[in-house]
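*Asks:* kindly return the folded structure for what I paste below:
(2 chains)
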Amino acid sequence: MLQFVEQFIKRVFQDLFKRKRHVKIGLYGPPNGGKTTLANRICMDWIGEEMGKASPIEHETREVQIKEQINIKSGRRELSFNLIDTPGIATKIDYEMFMKKGLSNKEAKKRAKEATKGVIDAIKWLDEVDVVIVVLDATKDPYSQVNITIIGNLAARNIPVLLIGNKVDLRKADIKKVQAAFPQYDVIGISAKQGTNIDHLYEALFVVTK
Amino acid sequence: MPHQCVRCSTFYKDGATEIISGCPCGAKLFFFVKEEKLKQAEDVARKMSENLDEKDKLRMEQDIYQIMGYEEEDDTPVVLDIESIRVLQPGKFEIDLSHLFNTDKPLVYKLEDGKYIIDLPQTFMRSKEGKEEKDGKK
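*Replies:* Model prediction:
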């Protein structure tokens, strides 16, 4: 009888810990892949407020942004995490690119400097995260140096990865091409802007954070 | 290992007093150049001095200080690893991601009292060790 009670208590506690976990999830990827749009979608869905400003001009996020205590639920399962939105990772940052989008020479140079610092900060933050959601733009060629370097380094550090092909609402999106580029991962095609397939992402989060 | 002044592009041999006290041009920021890449760095420096004026060079120096989070007023010379970040002209940056991701390689060398202090890698190592300790406790 005592043994039965002991097993019962143990099972209840194990169940409790299984259901509620707290992790740090980082959003990583090249600029303009939709990291902040996805962060905003997750935050709006679960805490009813946005995380940051998304923009069509690259390198809008130039500082690491953190939203704490996001709780997502699916059936009896519950996952509690801090969401870390990071600046886009790039190998070249050129102020002329920003001037073409309408920024003044001074603003463009300032943005380039801050974006470069953002890349360094994003990489430093890798030491702090438990799980990474890599957000790629499914309308672009996935075989880029940035994508391969990020994903290769995450694998080398044994950080669990959830690979997202974003912008599937756009006609140019090719999720099969993203999947073919990174066959070791199950790529989830979503539209962070429209909310397409976002439930699939939440389900996958429970699996990858196990 | 040679060092190059970021402002005036002069090259100095390892251990030169200018690296410790600052370049005669007034700058205290240096790129660290590997012997095998010295020729390449000299070519880049020549092109830069042809195309950039003093204002541009000063701006690049200020940008680097801000990117690395150093106070410009600090009298301590700072030596940067040229392989991590390259400033082509103000507002144009090339970043070596593989080098940045590799936590075993130092990003910035900071010089103090004639000795090298490896700055960022210590941060990396500390956080790495902290993570390993944390993982070990799990």
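*Asks:* give me the below-cutoff pLDDT ranges for the chain.
*Replies:* I went with chain A, as the question did not name one. Applying pLDDT under 70 to chain A picks out residues A:1-21.
*Asks:* the chain in question should be chain B.
*Replies:* B:70-76, B:80-83, B:103-138.
*Asks:* find the closest residue to chain A in it.
*Replies:* Here chain B gets closest to chain A at one residue, residue B:91, 3.0 Å apart by C-beta to the nearest C-beta. For every residue, glycine as well, the C-beta is placed using N, CA and C.
*Asks:* quick one: contacts for the nearest residue to that residue once chain neighbours are set aside?
*Replies:* The shortest distance from residue B:91 to any non-neighbouring residue, by C-beta to C-beta, 6 or more residues apart in numbering or on different chains, is to residue A:95 (3.0 Å). Residue A:95 makes contact with A:105, A:108-109, A:111-112, B:90-92 under the criterion C-beta atoms under 8 Å, 6 or more residues apart in numbering or on different chains.
*Asks:* what's the answer for residue A:185, then?
*Replies:* A:151, A:161, A:163.
*Asks:* tally of neighbours for residue A:30?
*Replies:* Neighbour count for residue A:30, taken as other C-beta atoms under 10 Å in any protein chain shown: 21.
*Asks:* residues touching it, list them.
*Replies:* Contacts of residue A:30 by C-beta under 8 Å, 6+ apart are A:88-90, A:136-137, A:144, A:146-147, A:150.
*Asks:* rerun at 10 Å
*Replies:* Neighbouring residues of residue A:30 by C-beta atoms under 10 Å, 6 or more residues apart in numbering or on different chains: A:58, A:88-91, A:134-137, A:140, A:144-147, A:150.
*Asks:* how close does the residue of chain A found nearest chain B get to residue A:63?
*Replies:* Residue nearest to chain B within chain A: residue A:95 (3.0 Å; C-beta to the nearest C-beta). Going from residue A:95 to residue A:63 by C-beta to C-beta, to the nearest Å gives 18 Å.
*Asks:* for residue A:69, same thing?
*Replies:* From residue A:69 to residue A:63 the distance is 20 Å (C-beta to C-beta).
*Asks:* list only buried entries from the contacts of residue A:95.
*Replies:* Taking 16 or more other C-beta atoms under 10 Å in any protein chain shown as the criterion, what is buried in the contacts of residue A:95 is A:108-109, A:111-112, B:90-92.
*Asks:* alright, I will stop here.
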